[in-house]
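Colleague: Curious how this folds, go ahead:
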Amino acid sequence: MNDDKIFDVLLIGGSYSGLAAAMALGRALKSVLIIDSGNPCNWQTPYSHNFLTQDGQPPNQIAALAKQQVQHYATVTFFTGLATNGIKTDYGFAIQVASGETFRASKLIFASGIQDHTPPIDGLAACWGITVLHCPYCHGYEVRNEPTGLLGNGEDGLELATLISNWTTRLTLFTNGKSTLTADQTTKLQQHAINIIEKEIERLEHTDGQLHSLVFKDTTKLPVKAIYTRSRFEQQCKIPELLGCELTNDGYIRIDAAQETTISGIYACGDNATRIRTVANAVAMGTTAGMAVSKKLIFENF
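Modeller: Predicted coordinates:
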């Protein structure tokens, strides 16, 4: 293998968390290859919030500026492509990409994100991240006091309604079929004037992701400005699992306080390892991972 394909660290994923890790490693003089396919999970989200100094900025502009700053560090290299396989080697690890090339490093950081699986309702995917939301701390302020829907049922629906009631009292819980709420849960929602509608949803009416109303299968409709729901997800990259990294019961990569997974030498940061899906948190986790990996390399080589 050519020396130019051997690095201190291979970083799979070059969005916010990966770029933050790369900056910390670059500033510690470590050679890093960022392998990124250019498919961030928030590509459709128009604005980012709760990120000090960047509040209200488009995520792609934040990422572009971050990449520009990371490119100042000579030991950081970028590779556009999809990581497809990984193995443990005597040196550390080898990662193969879709084009067939293989890169090696003693440490891996996965900042590879997750892939959302939104409910199969016509129009919902087009509104995802715009007016169909998963996090009130990211977007709740912008739709405060607006007529808002909650797509959920049972305990999850109650928990979601309880949280979102902080931002608006004009709430309706759409169970999209027969309610599985208990009698006590139903009473609790009614006490807070939260409507419960069990009708099945046909589609979302919207313009460029800006939601107007829900249309039910009985052809009736109800105007709403936003909907919150919790989508299923899976890991965007399966290589950590192939290498033996454990997942939590919720499906995130299990990490310790230094962002190291259950496999020594493999780290994870960002959305693949936490429920808190903010750009600010992704950056913080990436910086922590980059510093932890560089420190480990320094001490191993001393």
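Colleague: what's the longest strand in the protein?
Modeller: strand 102-110 (DSSP state E).
Colleague: Show me what that one is packed against.
Modeller: strand 6-12, strand 32-36, strand 93-97, strand 266-268, helix 279-301 (3 or more C-beta pairs under 8 Å, 6 or more residues apart in numbering; DSSP states H and E). (C-beta placed from N, C-alpha, C; glycine too.)
Colleague: Put together JSON lines for these, with mean neighbour count on each row.
Modeller: Formatted as JSON lines, those follow (neighbours: other C-beta atoms under 10 Å):
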{"stretch": "strand 6-12", "mean neighbour count": "25"}
{"stretch": "strand 32-36", "mean neighbour count": "25"}
{"stretch": "strand 93-97", "mean neighbour count": "19"}
{"stretch": "strand 266-268", "mean neighbour count": "28"}
{"stretch": "helix 279-301", "mean neighbour count": "20"}
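Colleague: For residue 105, find the nearest of the ones you listed.
Modeller: strand 6-12 (4.2 Å; C-beta to C-beta).
Colleague: tell me the mean pLDDT for whichever helix or strand comes after that closest one?
Modeller: For strand 6-12, the following helix or strand on the C-terminal side (DSSP states H and E) is helix 16-27. In this model, helix 16-27 has a mean pLDDT of 97.
Colleague: Name the residues of helix 16-27 that are buried.
Modeller: Neighbour counts over helix 16-27 (16 or more other C-beta atoms under 10 Å) mark 16-27 as buried.
Colleague: Can you pull the poorly scored residue ranges out of this protein?
Modeller: For the chain, applying pLDDT under 70 flags the ranges 1-4, 41-43.
Colleague: Geometrically speaking, which residue is the centre of it?
Modeller: residue 271 (3.8 Å; C-alpha atoms, centre = their mean).
Colleague: ok, it touching residue 115?
Modeller: No: at 9.9 Å, residue 271 and residue 115 do not qualify as touching, with contact defined as C-beta atoms under 8 Å.
Colleague: Of the helices and strands packed on strand 102-110, which is nearest residue 55?
Modeller: Taking C-beta to C-beta, helix 279-301 is the member of those nearest to residue 55, at 9.6 Å.
Colleague: List of residues touching stretch 176-191?
Modeller: For stretch 176-191, contacts defined as C-beta atoms under 8 Å, 6 or more residues apart in numbering pick out 119, 121, 151, 153-155, 157-158, 161, 173, 175, 196, 198-201.
Colleague: Just the buried subset of those residues, written out for PyMOL, thanks.
Modeller: Selection of buried members from the contacts of stretch 176-191 for PyMOL, criterion 16+ other C-beta under 10 Å:
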select buried, resi 119+121+151+153+157+158+161+173+175+196+201
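Colleague: Just give me the closest of the contacts of stretch 176-191 to residue 240.
Modeller: Nearest to residue 240 among the contacts of stretch 176-191: residue 119, at 26.7 Å, using C-beta to C-beta.
Colleague: residues touching the closest one, list them.
Modeller: By C-beta under 8 Å, 6+ apart, the residues touching residue 119 are 151, 176, 229, 231.
Colleague: which SSE is it in?
Modeller: Under the criterion DSSP H and E, no helix or strand holds residue 119.
Colleague: From residue 181, how far off is it?
Modeller: Taking C-beta to C-beta, to the nearest Å as the measure, residue 119 falls 18 Å from residue 181.
Colleague: Same check on residue 146?
Modeller: Residue 146 is 24 Å from residue 181, by C-beta to C-beta.
Colleague: Going by how many neighbours each has, rank these two and give me the top one.
Modeller: residue 181 (22 against 14; other C-beta atoms under 10 Å).
Colleague: Secondary structure element for that one, which one?
Modeller: Residue-wise, residue 181 maps onto no helix or strand under DSSP H and E.
Colleague: roughly how far out does stretch 267-278 sit from the chain middle?
Modeller: When C-alpha coordinates are averaged (C-alpha atoms, centre = their mean, to the nearest Å), stretch 267-278 and its chain have centres 7 Å apart.
Colleague: so who does the closest residue to residue 96 other than its chain neighbours touch?
Modeller: Take residue 96 and drop its neighbours on the chain: the residue closest to it by C-beta to C-beta, 6 or more residues apart in numbering is residue 85, 4.4 Å away. By C-beta under 8 Å, 6+ apart, the contact set of residue 85 is 95-96, 239, 242.
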